[in-house]
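Colleague: Fold the following for me, if possible:
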Amino acid sequence: MPGIPTRAVASAAAAASALLLAGCGSDDAQAGAADGVGVVAAFYPLQWAAERVGGDRVDVTSLTPPGAEPHDLELTPQDVATLSGTDLLVYLEGFQPALDDAAAEAGDAAWDAGQAADLSLTTEAHEHEGETEEEHAEHADEEVPDPHFWLDPTRLADVGDALADRLAEVDPDGAATFRDNAAALRTDLEALDAEMAQGLSDCASTTMVTSHEAFGYLADRYGLDVVGISGLSPSAEPDPAQLAEISTLVQERGVTTVYTETLVDPAVAETVAEEAGVQTAVLDPLEGLTDESAGSDYLEVMRADLATLREGQGCA
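Modeller: Predicted coordinates:
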């Protein structure tokens, strides 16, 4: 992803490697594990799933602080120390490049949620920060996986089931608890899925225009067509020609709302909306919660997003 300095990634990865190796089998790590399974989650949806599935048998820490944009994560020395003693790292390969090398060093302690989520959607790669026109041309038509699976509740339920199995390997005595918790999580997520399917079944507009391409799985699940202004990474800046093309699309398809997002500067989306003469509304891609979030957890924020979409898409 753009926005992560190569030197910073390499430095953090090297530090992670050293501390992870030093931490293996240490008395401190063993003492921490005795108090419960130590789980480090890369960012909020994985944190929430781990807390729901693990229950009282796990101690979950998130690497991405509340209010921070997870795409831009860089490992601090404290993060590296946390990783060195954890029993399980729950992450998403390719979503946070600064974490991928550290996850590789963690070996069997690292668990990639993307395998259970089935990252079946792809999107065109967008220009990487600092690259030349020639370098961009080499991968202009490249398709890359869309990582934002959690906005499809059924995929997050699949991750919960697989996470229960993985936690059972770390803590066999808790296997029944983990699987019961995952079943309860699935019940909640399937109820949410049914609400969203019904709420978005009859909409005047099926095209949703968002700040970046975070809503592909939601759109795919509920019969919508998403257009992301800034591509997969919210830090990528579209050029004037791209902005003009999206503004034209908004007018041609009768779109009435352009969605800005929490944790992302709304300026570009607001420019598109202004040029097209339409309104804006805020959607939350649930990459991280803040005190200003429209709910206290994943379920509440997803239902708030549903209400926003129903109004913005003109759903009956």
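Colleague: where does the stretch 51-200 of the chain dip in pLDDT?
Modeller: 125-141 (pLDDT under 70).
Colleague: Let me see the ranges of the strands in it.
Modeller: 58-62, 88-91, 110-112, 122-124, 143-145 (DSSP state E, counting those that start in this stretch).
Colleague: Deepest in the core, which of those is it.
Modeller: Burial of these is given as mean neighbour count (mean count of other Cβ atoms under 10 Å); strand 88-91 ranks first at a mean of 25. Yep, even glycine has a C-beta here, placed from its N, CA and C like the rest.
Colleague: Can you spell out which helices and strands pack onto that one?
Modeller: strand 37-41, helix 44-54, helix 97-106, strand 110-112, helix 153-170 (3 or more Cβ pairs under 8 Å, 6 or more residues apart in numbering; DSSP states H and E).
Colleague: Number of residues surrounding the closest residue to residue 278 other than its chain neighbours?
Modeller: Of all residues not flanking residue 278 in the chain, residue 256 sits nearest, at 5.4 Å (Cβ to Cβ, 6 or more residues apart in numbering). Applying other Cβ atoms under 10 Å, we find 18 residues neighbouring residue 256.
Colleague: same check, this time on the one 10 residues further on
Modeller: Residue 266 sits with 16 neighbouring residues when counted by other Cβ under 10 Å.
Colleague: So it sits against residue 260, correct?
Modeller: Yes - under the criterion of Cβ atoms under 8 Å, residue 266 makes contact with residue 260 at 3.7 Å.
Colleague: which neighbours do these two share?
Modeller: Listed contacts common to residue 266 and residue 260 are 211, 280, 282; contacts here mean Cβ atoms under 8 Å, 6 or more residues apart in numbering.
Colleague: residues contacting the last one?
Modeller: When contacts are counted by Cβ under 8 Å, 6+ apart, residue 282 touches 259-262, 266, 308.
Colleague: Could you do the first one as well?
Modeller: Shown here is residue 211, whose contacts under the criterion Cβ under 8 Å, 6+ apart are 228-230, 234, 259-261, 264, 266, 268-269.
Colleague: How about residue 78?
Modeller: Here residue 78 is in contact with no residue (Cβ under 8 Å, 6+ apart).
Colleague: and what of residue 182?
Modeller: 52-53, 160-161, 163-164 are the contacts of residue 182 under Cβ under 8 Å, 6+ apart.
Colleague: where's the dip in pLDDT among the contacts of residue 211?
Modeller: In terms of pLDDT, residue 234 ranks lowest among those, with 61.
Colleague: taking the contacts of residue 211 one by one, which sit in strands?
Modeller: The members of the contacts of residue 211 that map onto strands under DSSP state E are 228, 259-261.
Colleague: what's the most distant pair in the residues you listed?
Modeller: Maximum pairwise distance among those (Cβ to Cβ): 12.3 Å, between 228 and 260.
Colleague: quick one: which of the two has more around it?
Modeller: Taking neighbours as other Cβ under 10 Å, residue 228 and residue 260 compare with residue 228 leading, 25 against 20.
Colleague: give the contact list for that one.
Modeller: 123, 210-216.
Colleague: Now with 6 Å, please.
Modeller: When contacts are counted by Cβ atoms under 6 Å, 6 or more residues apart in numbering, residue 228 is found next to 210, 212-213.
Colleague: circling back: can you put the contacts of residue 282 in a markdown table and add distance to residue 242?
Modeller: Converted to a markdown table, the contacts of residue 282 look like this (distance: Cβ to Cβ, whole Å):
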| residue | distance to residue 242 |
| --- | --- |
| 259 | 17 |
| 260 | 17 |
| 261 | 18 |
| 262 | 23 |
| 266 | 17 |
| 308 | 25 |
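Colleague: Quick check: which ranges of the stretch 201-316 of the chain have low pLDDT?
Modeller: Residues of the stretch 201-316 of the chain that meet the cut-off, pLDDT under 70, sit at 231-236.
Colleague: That one: strands as residue ranges?
Modeller: Using DSSP E, counting those that start in this stretch, strands in the stretch 201-316 of the chain cover 207-210, 225-228, 257-261, 279-283.
Colleague: partner strands of the first one, parallel or antiparallel?
Modeller: To tie it back to what came earlier, the one meant is strand 207-210. Take DSSP bridges as the rule and strand 207-210 pairs in its sheet with strand 225-228 (parallel), strand 257-261 (parallel).
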